[in-house]
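[1] Okay, here's the prediction I keep looking at, along with the sequence it came from:
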Amino acid sequence: MRKMKYCVVVPVYNSETHVSDVINDVLQYTQDIIVVNDGSTDATLQVISRFVGIDVVSYSRNRGKGYAISKGLDRALTQGFTHAVTIDADGQHKACDIPKLVETASRHEEALIIGSRHFGNPFMPQGNRFANRFSNFWFRLQTGIGLPDTQTGFRLYPLIKMGKMRPFTRRYEAELELLVRAAWRNIELIPTTIDVYYPPADERISHFRKGRDFIRISLLNTALCIIALVYGYPSMFVRKLWKKFLS
């Protein structure tokens, strides 16, 4: 495999109060940053434009986090990066954990590295705990694999191994979809512990639409369970047999 070269992808939507701090924090670890402005209607684009040297992908209509991640991964791949770290723009992820993900990837270059949050954190909202348990249950049902955190957006994607694999869904459910499809392709999934900052409730930024997005996630999980039976599990079995044959 070619020498590892990574960048950081920051999908952002209406985060004018936090995105500057996030970019400055990431710049302490790499200059290779791709910010995807997902149709922000506030001053986010103006804030991003103040930074010299970072790559900005921007479009006028909000299309969802999954779409923004796809555009960021596409840009990273076309620019010759072998790996891409995704980090949220709300300031909850800490850029100081980027080297931890990169170091893990340097030992497992074809793996998808997952920033796993500490669920004993007393500041974590109860809704986050429930959502993650809910997601973990479905993920295990769809793949047979247990992971501690399937909801985190802080990840390192192996671009070469993934090829053109991108989510079909466009919003929050896209990150779960990517994990499931990576598992079906026998891409190793490695959790790495990260630290997360949870601001006071009145300072939190969330574009999650509780009713609509929960329905979308539930529909996706139902579809993935059906696909797992007819494609996912058989595909994993065949790939493992083929790998064993080649070895």
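    All right, it came through fine.

[2] Which parts of this structure are strands?
    Counting by DSSP state E, the chain has strands at residues 6-12, 33-38, 55-59, 83-86, 112-116, 155-158, 189-193.

[3] just so I know, which of the ones you listed lies nearest residue 124?
    Closest to residue 124 of the strands of the chain, according to Cβ to Cβ: strand 112-116, at 12.7 Å. Quick note: C-beta positions are derived from backbone N, CA and C, even for glycine.

[4] Low-confidence stretches in the chain?
    1, 120, 122-123, 127, 199-211, 213 (pLDDT under 70).

[5] For it, just list every one of the helices.
    19-27, 44-49, 65-78, 98-107, 126-143, 159-162, 173-184, 210-227, 233-246 (DSSP state H).

[6] Between these, which one is closest to residue 85.
    It's helix 98-107; of these, that one is closest to residue 85 (Cβ to Cβ) at 5.8 Å.

[7] The helices of the chain: which one's closest to residue 4?
    helix 98-107 (6.0 Å).

[8] Alpha carbons only: can I get the closest one in CSV?
    In CSV, the C-alpha atoms belonging to helix 98-107 read as follows (Å, rounded to 0.1, in the frame of the first residue of the first chain):
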residue,chain,number,x,y,z
ILE,A,98,-6.5,13.1,15.7
PRO,A,99,-2.9,11.7,16.2
LYS,A,100,-4.5,8.8,18.2
LEU,A,101,-6.6,7.8,15.2
VAL,A,102,-3.8,8.3,12.8
GLU,A,103,-1.4,6.2,14.9
THR,A,104,-3.9,3.4,15.0
ALA,A,105,-4.4,3.6,11.3
SER,A,106,-0.7,3.5,10.7
ARG,A,107,-0.7,0.0,12.2
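
[9] can you list contacts of it?
    Helix 98-107 is contacted by residues 4, 6, 8, 26, 29-30, 83, 85, 87, 111, 113, 115, 154-156, 158, 190, 192-194 when judged by Cβ atoms under 8 Å, 6 or more residues apart in numbering.

[10] ok, the most centrally placed residue in the chain - contacts?
    Nearest to the mean C-alpha position of the chain, counting by Cα atoms, centre = their mean, stands residue 153 at 3.8 Å. Residue 153 makes contacts with 65, 86-88, 93, 175, as judged by Cβ under 8 Å, 6+ apart.

[11] Leaving out chain neighbours, which residue sits closest to it?
    residue 88 (4.8 Å; Cβ to Cβ, 6 or more residues apart in numbering).

[12] quick one, what contacts that neighbour?
    For residue 88, the contact set (Cβ under 8 Å, 6+ apart) comprises 10-11, 22, 153-154.

[13] Mind picking the one among those residues that's closest to residue 72?
    Nearest to residue 72 among these, with distances taken as Cβ to Cβ, is residue 11, at 6.2 Å.
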